[in-house]
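A.B. asks: sequence first, then the predicted structure:
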Amino acid sequence: MTNLEDLPIRPDLVGQLPYGAPQIDVQIKLNVNENTHGIPEEVALKIVERTAEAALTLNRYPDREFMALRLKLAEFLGEDLDSGQIWAANGSNEILQQFFQAFGGPGRKAISFGPTYSMYPNIARTTLTGYQLLPRLDDYSLTAEYVRAEILRSKPEIVILCSPNNPTGTGIDLSVIEAAYESFDGMLLIDEAYQEFADTTSAISLLPGRPRLVISRTMSKAFAFAGARVGYMAADASVVDAMRIVRLPYHLSALTQAAAMAALETSNQLLANVEQIKGQRDRIIAGVQKMGLRPYPSEANFVLVNGFADTQLAFDTLLSKGIIVRDIGIPGCLRITAGTESETTKLLGELALLLD
Ligand SMILES: *Cc1c(COP(=O)(O)O)cnc(C)c1O
């Protein structure tokens, strides 16, 4: 077999590694912030019904503009959005990629505030966009003054703010987002992948009069739909026009569109576990605190827990008990997804044994 290094690969990709959260077949998977509740059978049947209908016309390309789905998403988000302000793709990662293709590129720079989502630098790299990761404040929060000063100093074309932030769980106040928007004339993207779990208000309310603001969302987390790969965004209609220039024709398959329609039609059932997941999140926070660990406050479906003397040992011990969590490379910290009640019980039990 030829080695990667022997191929005439792009020089900037030499030595780079693909995204690689472990996909290990264990009983309790709390490592990639999925909704760990299965799809209700009634919803699954609806999806089958819709995709079966779509299957009859798979000889044809799908609606390139997926107007029916955009209308449904606009209705779902409310806030007087119309379908022209909505765009969707195969996961919000593809939304991010199209966004970088349209607004980044050679000679341009994106910034974000870390620790934050590990895909931002990867997407910047493959779209030949510069990327600078600026630190968050000590408690991982952001203030309007701080964000403003850093934007003025670093002069980016793109600013990405993740709220609630992965992996810290921190929400961002709307006043910080308003200040960021006013601080430069580039594009501001708010990644709201976990917004359904948050107490902080969605930045969608800030869209009127702000054509450089983009809110990205996903069906991968609260919606329990990670396997279907559906992400979407809300923005000014002109941003959608920009995305339409860079997207591949027919990027959203007829099957994906049909499945997403079925999911939105049954959104009450798919989102039914959000409150209970928040309950498990708060149970994890209280439980690990009692054990002497230091969880960060979280507005998402996961908790960043600090205070492990040996993170690798903790990770390996949990794994040997059939529980996978995430080591995101912050010393002393593990990120743990909030799952079902019984998953939390097992997790807290094993953690207590481990720390004993
Ligand atoms: C999980 C996650 C996403 C979602 O990615 P999809 O491609 O929609 O599955 C986006 N942003 C952040 C911060 C995430 O944690």
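C.D. replies: It's in. Not measured: the values here are computed from a predicted model. Numbering: from 1, shown residues only.

A.B. asks: right, is the helix or strand harbouring residue 256 up against the ligand?
C.D. replies: Per DSSP states H and E, residue 256 falls inside helix 254-265. No - applying C-beta under 6 Å from any ligand atom, one finds helix 254-265 separated from the ligand by no less than 11.9 Å. In this view, the C-beta of every residue, glycine as well, is placed from N, C-alpha and C.

A.B. asks: give me the mean pLDDT for that helix.
C.D. replies: If you average the pLDDT over helix 254-265, you get 97.

A.B. asks: ok, stretch 44-64 next?
C.D. replies: Averaging pLDDT along stretch 44-64 gives 97.

A.B. asks: just name the shakiest helix or strand of this structure by mean pLDDT.
C.D. replies: The weakest-scoring helix or strand in the chain, judged by mean pLDDT, DSSP states H and E, is helix 267-270 (a mean of 93).

A.B. asks: that older thread, list the helices and strands the helix holding residue 256 packs on?
C.D. replies: helix 41-55, helix 67-77 (3 or more C-beta pairs under 8 Å, 6 or more residues apart in numbering; DSSP states H and E).

A.B. asks: what comes up buried for the first one?
C.D. replies: By neighbour count with 16 or more other C-beta atoms under 10 Å, helix 41-55 contains the buried residues 43, 46, 47, 50, 51, 54.

A.B. asks: can you pull the contacts of the fifth one?
C.D. replies: By C-beta atoms under 8 Å, 6 or more residues apart in numbering, the residues touching residue 51 are 255, 258, 259, 262.

A.B. asks: how close does it sit to residue 286?
C.D. replies: Applying C-beta to C-beta, to the nearest Å, the value for residue 51 to residue 286 is 41 Å.

A.B. asks: and the following helix or strand past the least confident helix or strand of the chain, what other elements does it pack with?
C.D. replies: Counting by DSSP H and E, the next helix or strand C-terminal to helix 267-270 is helix 274-290. Packing partners of helix 274-290 (3+ C-beta pairs under 8 Å, 6+ apart): strand 294-295, strand 302-306, helix 341-355.

A.B. asks: got the contacts of residue 51 as JSON lines, with neighbour count and distance to residue 272 columns?
C.D. replies: Shown next, in JSON lines, are the contacts of residue 51 (neighbours: other C-beta atoms under 10 Å; distance: C-beta to C-beta, whole Å):
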{"residue": "255", "neighbour count": "17", "distance to residue 272": "25"}
{"residue": "258", "neighbour count": "22", "distance to residue 272": "22"}
{"residue": "259", "neighbour count": "24", "distance to residue 272": "18"}
{"residue": "262", "neighbour count": "22", "distance to residue 272": "16"}
